[in-house]
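Chemist: sequence and predicted structure, then a few things I'm wondering about:
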Amino acid sequence: RKLVDPGFLDTTHGRLGCPTCHAGDPQAATAEGAHRGLIGRPSDNPERACGTCHPDIARAFTRSLHFTTRGLELGLRALTGAVRWTAAKGVYQKACASCHATCGDCHVSRPPHTTNPLVPGGLQRGHRFSRTPPMALTCQGCHGGRVAAEYTGQYEGLPADVHFAALKWTCTNCHSGAQLHGQGGATAANRFAVPNRPACLDCHPQAAPGKGAVRQHNVHGGRLACQVCHGGISKSCQNCHAGAGATSFPALKIGRNLRPELPAGLVLLRHVPTTREMIDRQTGLPGTLVNVDRIPTWKTATPHNIQRVTARSRSCAACHNNPNLFLRIQDLDPHDSQANGRVVTAPPLPIPTR
């Protein structure tokens, strides 16, 4: 009863029997013998554990960003270059890759690597499977440091995302199962490269330029990412999270878009805690991140605290007459990546006030 809810035995998965997923020896007369060869986390191998009944989903999931953490790997590879990747690979495998998700982490248990005290590890409902992962027990366990807090309004004084506050939407209302499970083809390089990622225009087609009556949409559409006007305040981080920990502060800046997957010219930028010495202590080599000056540390942000009206969209003058909203040269730390100059942008022309 501690691990298995009696009701689980009458479910489809329960009727399969424990050895189907966990192996072991069901004929053994002792607990020690029964647990010999036990597989504690069957879905660490999705195709073996889940592929018999869900072959397409399991095969696709093995290529997903959640399972492979390939976005993190390619990000670190870009910073180290081929010269230092061999030294950095162990750090990636020990730190970054340990956070990958399996089928069970979403559908049966809670994330085992979470540091969120509100989402401890263990089973969700005594082995009962959840067809749709419960957001509070799964998504927030891994994404609770910033995204979940933004979305549900846990930051004091900052409102929750309108989709949560007004509609009580969960993550899967925007992030479909097909997206979370992966495409089944080549692994996407990062979350922006996922073909069926959420898009505002999927639900708001009238916001496209020339499709509605909102003048700002018709004037700015295609030039600004939707979040530039409708994203709330988000957290940026400073310092290295691989060492003593990063310090965070509320800050978003408008800057140039460098991602070919996004059509907008200007996007919201968030500072990420990449420093020159970030993993030198772990690798034992000075200057492990040899390409740090080639990659901006102000990166495209997709804040999860969307509001219909924000301080930036309240009026034309609120944005055009406030150059502090834009990432400028004077905002950059001279010790930070020199590539940040590529995302700096000039504020728009001010609007005369009478």
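Modeler: Cool, got the structure.
Chemist: helix or strand right after the top helix by length along the chain?
Modeler: Taking DSSP state H as the criterion, the chain has its longest helix at helix 70-91. Next along the chain after helix 70-91, taking DSSP states H and E as the criterion, comes helix 103-107.
Chemist: elements contacting the next helix or strand after that following helix?
Modeler: Going down the chain from helix 103-107, the next helix or strand is strand 109-110, by DSSP H and E. On a contact count with 3 or more CB pairs under 8 Å, 6 or more residues apart in numbering; DSSP states H and E, strand 109-110 meets strand 122-123. (Glycine included, C-beta is placed from N, CA and C.)
Chemist: what's in contact with the strand it packs on?
Modeler: If you take CB atoms under 8 Å, 6 or more residues apart in numbering as the criterion, strand 122-123 is touched by 3, 108-110.
Chemist: do stretch 323-331 as well
Modeler: 253-255, 269, 298, 312, 319, 340-341, 343-347.
Chemist: equivalent analysis for stretch 64-75, please.
Modeler: For stretch 64-75, using CB under 8 Å, 6+ apart, the contacting residues are 46, 61-62, 92, 96-97, 99-102, 180-183, 187-191, 194.
Chemist: just the buried members of the contacts of strand 122-123?
Modeler: The neighbour count (16 or more other CB atoms under 10 Å) marks 108-110 as buried among the contacts of strand 122-123.
Chemist: how about these in CSV, adding distance to F67?
Modeler: What follows is those, written out as CSV (distance: CB to CB, whole Å):
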residue, distance to F67
V108, 15
S109, 15
R110, 17
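Chemist: so which of the residues you listed comes closest to G7?
Modeler: Nearest to G7 among those is V108, at 14.3 Å by CB to CB.
Chemist: contacts only, for that closest one.
Modeler: Contacts of V108 (CB under 8 Å, 6+ apart): 43, 123-124, 127-130.
Chemist: and the two most separated of the residues you listed?
Modeler: The widest separation within the contacts of V108 (CB to CB) is 15.3 Å, between S43 and R128.
Chemist: which of these two has more neighbours?
Modeler: Neighbours were tallied for S43 and for R128 using other CB atoms under 10 Å; the higher tally belongs to S43 (23 against 16).
Chemist: look up phi and psi at the more buried one.
Modeler: Note on S43: backbone dihedrals following degrees, to the nearest 10 are phi -80, psi 10.
Chemist: so how far is G71 from it?
Modeler: 20 Å (CB to CB, to the nearest Å).
Chemist: what do you get for T170?
Modeler: Using CB to CB, we find T170 at a distance of 22 Å from G71.
Chemist: same check on T288?
Modeler: According to CB to CB, T288 and G71 sit 19 Å apart.
Chemist: which SS class is G210?
Modeler: What DSSP: H, G, I helix; E, B strand; the rest coil gives for G210 is coil.
Chemist: how about stretch 130-146: buried residues?
Modeler: Neighbour-count burial for stretch 130-146 flags 133-135, 137-146 (criterion: 16+ other CB under 10 Å).
Chemist: columns pLDDT, distance to Y155 and secondary structure on top of those, output as TSV?
Modeler: Converted to TSV, the buried residues of stretch 130-146 look like this (pLDDT from 0 to 100; distance: CB to CB, whole Å; DSSP: H, G, I helix; E, B strand; the rest coil):
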residue	pLDDT	distance to Y155	secondary structure
P133	93	24	coil
P134	93	22	coil
M135	94	17	coil
L137	88	21	coil
T138	91	21	coil
C139	92	17	helix
Q140	89	14	helix
G141	85	18	helix
C142	86	18	helix
H143	87	14	helix
G144	81	12	coil
G145	77	12	coil
R146	84	9	coil
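Chemist: for the residues you listed, which one is nearest T152?
Modeler: Q140 (7.9 Å).
Chemist: what helix or strand is the nearest residue to the closest one once chain neighbours are set aside on?
Modeler: Distances taken as CB to CB, 6 or more residues apart in numbering put A148 closest to Q140, at 4.1 Å, once the chain neighbours are dropped. Element membership for A148 (DSSP H and E) is helix 147-152.
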